[in-house]
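Chemist: fold the stuff below for me.
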Amino acid sequence: MKNRIEKNMKPKFTTYQIVVITVLALTQFTVVLDFMVMSPLGDQLMKSMSLTTAQFGVAVFSYAFSAGISGFLTAGFADSFDRKKLLLFFYIGFILGTLFCGLVTNYPMLIAARIITGLFGGVIGSISMAIVSDLFSIEQRGRVMGFMQMGFGTSQVLGIPISLFIANKWGWQSPFFMIVGLATIVCIVIWIRLKPITKHLEIKNKNNALKHLWHTISQRNYRIGFMATALMSLGGFMIMPWGSVYAINNLNVTKEQLPVLFMIAGIATLLIMPVIGKLSDKIDKFNLFAIASIWMIIVVIIYSNLIPVPFWIVVVLNVLMMMGVMARMVPSIALVSALPQLHDRGAFMSINSSLQQLAGGIAAAIGGMIVVQKDNFSPIENYDILGLVVAVFVVICIFMLRRVSRIVKSKV
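Modeler: Numbers count the residues shown, from 1 in each chain. Predicted coordinates:
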């Protein structure tokens, strides 16, 4: 009986762990906002620079591609440095890249700016996940992931609506300047409050960077985790970049309604994330993922086949879709993060983040080829086909994460 009670008791967070969660959530907020703001700004960007759907897809892909390459390049030595110093280095580079995004005046400059931002910003998530894996037990990670993903929800509740509001007033570049200001404050907080994270350095790794990278890739169980992550991104990022374009040009959502749409969806995400995190620590993580995946498939198919409907219906469907996306993300990240050994975590998380970014970029590019728009003011076509393609990837991902779950359980 005593052992059963101890097993059911979830470890409480220490004061310092709470500080770490807060700092990482703030970091997540700025990085996610920088990436996510491209979708709601898509309609303004395409009309301002006269971009086609394919060109906008390339703009999204350029960030993801550079982020993926950066992750592979850093994977070999990610476990050779203090994780705090690594986080600060890449976060400062991310801030400078975002500043460049706000200064661009044409399409080639936009591509260059997104590449630079991706080179630095794309690695930050993997470093954060490595920090979480170092400082939190597997029994705590579901809750930690839930709170960290609140950065995603907060970017929707506050970041994106405010970004759209100031973009309507001062142009699409202004949100990037806002992100630079916020990120600078977060960077200072990281420098002051976060302690050095060097426990992984105590485990001597005789391999050089390339050998360590190859060692990580060569592990069969790790490759299964990598494939599951890539499939997750292919399904999710294929439909997300076209959110504002579809809402405005196909569903007749106005520019004034668009911030409200993202804000309400964000509030719902913010409220559901801690609940999903707790559920992920109480019930089987794979079962939660499977239920959320089926939920997402149903909502995506309905939403991608909509005709102009009352605004409240668009809002409800967006909320339901975001709930499905987030309810998949928390348990999947918690499961995949449990695969690597301590001395491989930095490299594993870097490669995993790289594949996530690359797959997401490829998905955005493919999505840009599937959907078409005759001109910047016409409805986009083939969005229903895109919804079906996403549904197929979600189904495949269920089977892949089932394999991950079995591997994790066999280690316990």
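Chemist: how about Tyr91, nearest residue that isn't a chain neighbour?
Modeler: Nearest residue to Tyr91, sequence neighbours excluded (CB to CB, 6 or more residues apart in numbering): Cys187, at 5.4 Å. (Each C-beta comes from the backbone N, C-alpha and C, glycine too.)
Chemist: what's around the one you found, how many residues?
Modeler: Neighbour count of Cys187, defined by other CB atoms under 10 Å: 19.
Chemist: so it lies in a strand, does it not?
Modeler: No: looking at Cys187 with DSSP: H, G, I helix; E, B strand; the rest coil, it is helix, so not inside a strand.
Chemist: tell me the contacts of it?
Modeler: By CB atoms under 8 Å, 6 or more residues apart in numbering, the contact list for Cys187 reads 88, 91-92, 95.
Chemist: pLDDT, neighbour count and distance to Arg114 for these - can I get that in CSV?
Modeler: As requested, those are exported to CSV (pLDDT from 0 to 100; neighbours: other CB atoms under 10 Å; distance: CB to CB, whole Å):
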residue, pLDDT, neighbour count, distance to Arg114
Leu88, 90, 16, 22
Tyr91, 93, 23, 17
Ile92, 93, 16, 18
Ile95, 94, 22, 15
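Chemist: closest one of these to Tyr63?
Modeler: The nearest member of the contacts of Cys187 to Tyr63, counting by CB to CB, is Ile95 at 15.0 Å.
Chemist: what sits against the closest one?
Modeler: Ile95 makes contacts with 180, 183-184, 187, as judged by CB under 8 Å, 6+ apart.
Chemist: buried sites along the helix or strand harbouring it?
Modeler: Following DSSP states H and E, one finds Ile95 within helix 83-103. Within helix 83-103, the residues scored as buried using 16 or more other CB atoms under 10 Å are 83-84, 86-88, 90-95, 97-102.
Chemist: in helices, which of the contacts of Ile95 appear?
Modeler: The helices, defined by DSSP state H, take in 180, 183-184, 187 from the contacts of Ile95.
Chemist: returning to what we had before: could you export the contacts of Cys187 as CSV, including distance to Gly361?
Modeler: CSV is the format used below for those (distance: CB to CB, whole Å):
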residue, distance to Gly361
Leu88, 26
Tyr91, 21
Ile92, 23
Ile95, 21
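Chemist: list just the nearest of those residues to Ile294.
Modeler: When these are compared against Ile294 (criterion: CB to CB), the nearest one is Tyr91, at 37.0 Å.
Chemist: out of the contacts of Cys187, which comes closest to Val392?
Modeler: Tyr91 (36.3 Å).
Chemist: okay, Ser39 and Ile396: tell me how far apart.
Modeler: Distance, Ser39 to Ile396, using CB to CB, to the nearest Å: 24 Å.
Chemist: ok, those two, which is more surrounded?
Modeler: Set Ser39 next to Ile396 and count neighbours by other CB under 10 Å: Ser39 wins out with 22 against 14.
Chemist: can I assume that one sits in a strand?
Modeler: No: under three-state DSSP, Ser39 sits outside any strand and is assigned coil.
Chemist: I'd say it and Ile239 touch.
Modeler: No: the pair Ser39 / Ile239 is not scored as a contact, 9.9 Å apart, by CB atoms under 8 Å.
Chemist: tell me where the stretch 201-350 of the chain has helices.
Modeler: 209-218, 220-237, 243-249, 257-282, 285-303, 311-336, 345-370 (DSSP state H, counting those that start in this stretch).
Chemist: alright, I will stop here.
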